[in-house]
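S.K.: pasting a predicted model and its sequence here:
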Protein chains: 2
Amino acid sequence: MAETKVVHATDQVRKLFYRPVESVFAALSKREQLRSWYDHGSASDVLDVELDFAVGGKKRVTYQFRQGTPMAGKVLVNEERFMNIVPNQRIVASSVMTMDGQPFSVSLVTFELASSGPGSELQVTHQDAFFENADGPEMRQAGWTGLMEWLGTVVDTSDAAELAK
Amino acid sequence: MAETKVVHATDQVRKLFYRPVESVFAALSKREQLRSWYDHGSASDVLDVELDFAVGGKKRVTYQFRQGTPMAGKVLVNEERFMNIVPNQRIVASSVMTMDGQPFSVSLVTFELASSGPGSELQVTHQDAFFENADGPEMRQAGWTGLMEWLGTVVDTSDAAELAK
């Protein structure tokens, strides 16, 4: 068989929070909160976040790489579709990532939440298929690890009134 | 952390065909051909196949288990959405499976085609997330192995005129 063009990989990130599962679930499912933690990147700006949080609905996050970075000016879009939602417990989404309109990976992402003492634990499992010119398994795992740190910053430093928005 | 409810697994099936990649691609992307090879099951009948073969389009296959089987009368629906298509080379779809309306798994499925001598080889990679009351990794792999046998029966025994339909 000719060499395959698709690289398949699975990896996980676990993250503990001081806040309960409801706070983390809100940060994953409300547009303003999503935007606040996605927008922590040092290499790119978040241009837009669209969200229809329902089974069959879409999340679409558009980034642009900053001047002075290797991919300056390029536009990255992550378009997810929600496939399964159990409030405060589970979100499963499929995702297509494109760079300047060219798809380079598709993924299945499972978020699982559970109580952990007074706080909570989130497990993110990303099952990825990388095409030509993709980032690949190691960079993707590093990306998820960074995203979860940003999520923690927003969830654990916000007050309850903000999280309820 | 409380015990996770989702089981993640990845597996592959490879299948050789006497026919070239174009014939296999047609059998994966045309409604009448799909229906003919899906409908080889001894435990269930295919009630309906809907297909909009385009990126963002859906495939929906509805089965009903036959009398005399352990799940007699139950209705299984596999709804896929096409996420990436490269003609005669690659199809990537996300899939939600439901039993009597209850979702029990989501998957990312990658079909990769390559020439192999005068024929072709298909590699199917299924990245699965199983919920409560799901079939699980072993039964799913057995299911894919069976499906690929049925696909082979249809592709390798049809004449060229039928495949072009």
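M.R.: Yep, that arrived. Note that the structure is predicted; figures quoted are calculated from it, not measured.
S.K.: now do the strands in chain A.
M.R.: For chain A, the strands defined by DSSP state E cover A:7-17, A:44-51, A:58-65, A:75-86, A:90-99, A:102-116, A:119-130.
S.K.: and residue A:140, which of those strands is closest to it?
M.R.: Closest approach to residue A:140 among those is made by strand A:119-130 (5.8 Å; CB to CB). Every residue, glycine included, has its C-beta placed from N, CA and C.
S.K.: parallel or antiparallel, which strands does that closest one pair with?
M.R.: Strand partners for strand A:119-130, identified by DSSP bridges, are recorded as strand A:7-17 (antiparallel), strand A:102-116 (antiparallel).
S.K.: so which residues on chain A come close to chain B?
M.R.: Taking CB under 8 Å from any CB of the partner chain, the part of chain A that reaches chain B is made up of A:1-2, A:4-6, A:8, A:10, A:14, A:81, A:83-84, A:89-90, A:92, A:94, A:96, A:103, A:106-108, A:110, A:112, A:114-116, A:121, A:123, A:125, A:127, A:129, A:131.
S.K.: list buried members of these by neighbour count.
M.R.: A:6, A:8, A:10, A:81, A:83-84, A:90, A:92, A:94, A:96, A:103, A:106-108, A:110, A:112, A:114, A:116, A:121, A:123, A:125, A:127, A:129, A:131 (16 or more other CB atoms under 10 Å in any protein chain shown).
S.K.: kindly state the pLDDT recorded for residue A:55?
M.R.: Per-residue pLDDT puts residue A:55 at 96.
S.K.: may I ask you to name the longest helix in chain A?
M.R.: helix A:137-157 (DSSP state H).
S.K.: okay, the strands paired with strand A:119-130 in a markdown table with mean pLDDT next?
M.R.: Putting the strands paired with strand A:119-130 into a markdown table (pLDDT from 0 to 100) gives the following:
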| stretch | mean pLDDT |
| --- | --- |
| strand A:7-17 | 97 |
| strand A:102-116 | 96 |
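S.K.: so which of the ones you listed comes closest to residue A:58?
M.R.: Short answer: strand A:102-116, nearest of the strands paired with strand A:119-130 by CB to CB, at 13.7 Å.
S.K.: what's the weakest-modelled helix or strand in chain A?
M.R.: The weakest-scoring helix or strand in chain A, judged by mean pLDDT, DSSP states H and E, is helix A:160-163 (a mean of 54).
S.K.: give the buried residues for stretch A:138-153.
M.R.: A:140, A:141, A:144, A:147, A:148, A:151, A:152.
S.K.: closest one of these to residue A:61?
M.R.: The shortest approach to residue A:61 among the buried residues of stretch A:138-153 belongs to residue A:147, at 10.7 Å (CB to CB).
S.K.: please tell me how far that closest one sits from chain B.
M.R.: Separation of residue A:147 from chain B (CB to the nearest CB, to the nearest Å) stands at 19 Å.
S.K.: likewise residue A:23?
M.R.: When distance is defined by CB to the nearest CB, residue A:23 is 16 Å away from chain B.
S.K.: residues in contact with residue A:85?
M.R.: Taking CB atoms under 8 Å, 6 or more residues apart in numbering or on different chains, we find residue A:85 in contact with A:53, A:54, A:55, A:91, A:92.
S.K.: out of these, which are buried?
M.R.: Among the contacts of residue A:85, those classed as buried by 16+ other CB under 10 Å are A:91, A:92.
S.K.: and of the contacts of residue A:85, the nearest to residue B:64?
M.R.: Closest approach to residue B:64 among the contacts of residue A:85 (CB to CB): residue A:55, at 23.3 Å.
S.K.: contact partners for that closest one?
M.R.: Residue A:55 makes contact with A:82, A:83, A:84, A:85 under the criterion CB under 8 Å, 6+ apart.
S.K.: excluding chain neighbours, give the residue nearest to residue A:128 in space.
M.R.: Excluding its sequence neighbours, the residue lying closest to residue A:128 (CB to CB, 6 or more residues apart in numbering or on different chains) is residue A:107, at 4.6 Å.
S.K.: how about the contacts made by the one you found?
M.R.: Contacts of residue A:107 by CB under 8 Å, 6+ apart are A:94, A:95, A:97, A:126, A:127, A:128, A:129, B:108.
S.K.: so what pairs up with it in the strands?
M.R.: Beta bridges link residue A:107 to residue A:95, residue A:128, judged by DSSP bridges.
S.K.: that one and residue A:83: what is the separation?
M.R.: 12 Å (CB to CB, to the nearest Å).
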